[in-house]
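Undergrad: Please find the sequence and the predicted model below.
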Amino acid sequence: MIEQHIDIPTADGAMNSFVVCPDEGGPFPVVFFYMDAPGKREELHDMARRIAAVGYFVVLPNLYYRRSLDYWLKERTEAGMAEMFGHMASLDATTTECDTRAMLSYVDAQAQADASRIGAVGYCMSGPIVVWAAAAFADRFNCIASIHGAHMATDSPDSPHRLAPRIRCETYFACAEIDKWAPPADIEQLSAAFTAAKVPHRVEWYPAAEHGFVFPLRVGIYNKAAAERHWERLFGLFERNLRAA
């Protein structure tokens, strides 16, 4: 495997990112891995490696680079969570468009990246982010996945469910049964919007799973069976949409 820690130039500064791909057999389809709220950390690097190991060029950016180059949530204390939510609130559809444009420019210039085939996955706070990215650059994304995405149907004009008509690619939504950030009513609204827009999509519920179930270090929340199912669905999505015919 080839691993790099690089700075991707954006209109707002240098976005420090983790990039990983196999060391032979390229160029590889691209996967943008948008982080969850606790920040870019080694746990996510390991997940990026797992994606890369099956034949992808993976880019995992630090979306908080405007505020911090090395933030990640170390303790789930009241103060720690408040700091995390502050960082999280700094991101929106506008910052997503800026950062995704920079990532696209980066992979377009990489010999080991086949930038004609791009997928994206987002977790928790980045459930909306993958939708914002695919809506802003509909001609560039072949597929997206939102894993226990938060705030997927809101009153905001850029709510993910409102952007369904702008999405052209296959979309997968993995939803935890126990998730205050994505209650059934929100997911029903999201699914109805994507159905009405005739976007190829799948909403899958994960029974007894809690928000954050995919992360091995989330003690008391990690659900191995559900996490492995998510990997199976994710790799199937990528295989269908990113592999050359």
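TA: That came in fine, so what should we check first? Residues are numbered from 1 along each chain as shown.
Undergrad: Extract the C-alpha set from the lowest-mean-pLDDT helix or strand in the chain and format it as CSV.
TA: With mean pLDDT, DSSP states H and E as the measure, the helix or strand of the chain carrying the lowest mean pLDDT is helix 78-88 (a mean of 91). As requested, C-alpha coordinates have been extracted for helix 78-88 and formatted as CSV (Å, rounded to 0.1, in the frame of the first residue of the first chain):
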residue,chain,number,x,y,z
GLU,A,78,-19.5,17.9,28.0
ALA,A,79,-16.6,20.3,27.1
GLY,A,80,-15.2,17.9,24.6
MET,A,81,-18.6,17.4,22.9
ALA,A,82,-19.2,21.2,22.8
GLU,A,83,-15.9,21.8,21.1
MET,A,84,-16.7,19.0,18.5
PHE,A,85,-20.2,20.5,17.8
GLY,A,86,-18.5,23.9,17.3
HIS,A,87,-16.3,22.5,14.6
MET,A,88,-19.2,20.6,13.1
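Undergrad: got a list of contacts for the following helix or strand past that helix?
TA: Read in the C-terminal direction, the helix or strand following helix 78-88 is helix 93-108, with elements assigned using DSSP states H and E. Taking Cβ atoms under 8 Å, 6 or more residues apart in numbering as the criterion, the residues outside helix 93-108 that touch it are 8-12, 15, 17, 30, 32, 57, 59, 61, 63, 66, 113, 115, 118, 129, 132-133, 135-137, 140, 158. Backbone N, C-alpha and C define where each C-beta goes, glycine included.
Undergrad: hmm, try it at 6 Å
TA: Surrounding helix 93-108, the residues in contact under the criterion Cβ atoms under 6 Å, 6 or more residues apart in numbering are 8, 10-12, 30, 32, 59, 113, 115, 129, 132-133, 136, 140, 158.
Undergrad: among these, which are in helices?
TA: Cross-referencing those against helices under DSSP state H gives 129, 132-133, 136.
Undergrad: Can you tell me which of the residues you listed has the most neighbours?
TA: Comparing the ones in helices among the contacts of helix 93-108 by number of neighbours (other Cβ atoms under 10 Å), I129 comes first, having 29 neighbours.
Undergrad: picking that back up, quick one: buried ones out of the contacts of helix 93-108?
TA: 8, 10, 30, 32, 59, 113, 115, 129, 132-133, 136, 140 (16 or more other Cβ atoms under 10 Å).
Undergrad: Among these, list the two that are farthest apart in space.
TA: Taking Cβ to Cβ as the measure, these span a maximum distance of 21.7 Å, between A113 and W132.
Undergrad: excluding its backbone neighbours, what's nearest S68?
TA: Sequence neighbours aside, H87 is the residue nearest to S68 in space, at 7.1 Å (criterion: Cβ to Cβ, 6 or more residues apart in numbering).
Undergrad: Quick check: that neighbour touching Y64?
TA: Yes - taking contact to mean Cβ atoms under 6 Å, the distance of 4.8 Å between H87 and Y64 places them in contact.
Undergrad: between the two, which one's more packed in?
TA: Taking neighbours as other Cβ under 10 Å, H87 and Y64 compare with Y64 leading, 23 against 20.
Undergrad: Point to the residue nearest the middle of this protein.
TA: For the chain, the residue whose C-alpha lies nearest the mean C-alpha position (Cα atoms, centre = their mean) is G122; its distance is 1.7 Å.
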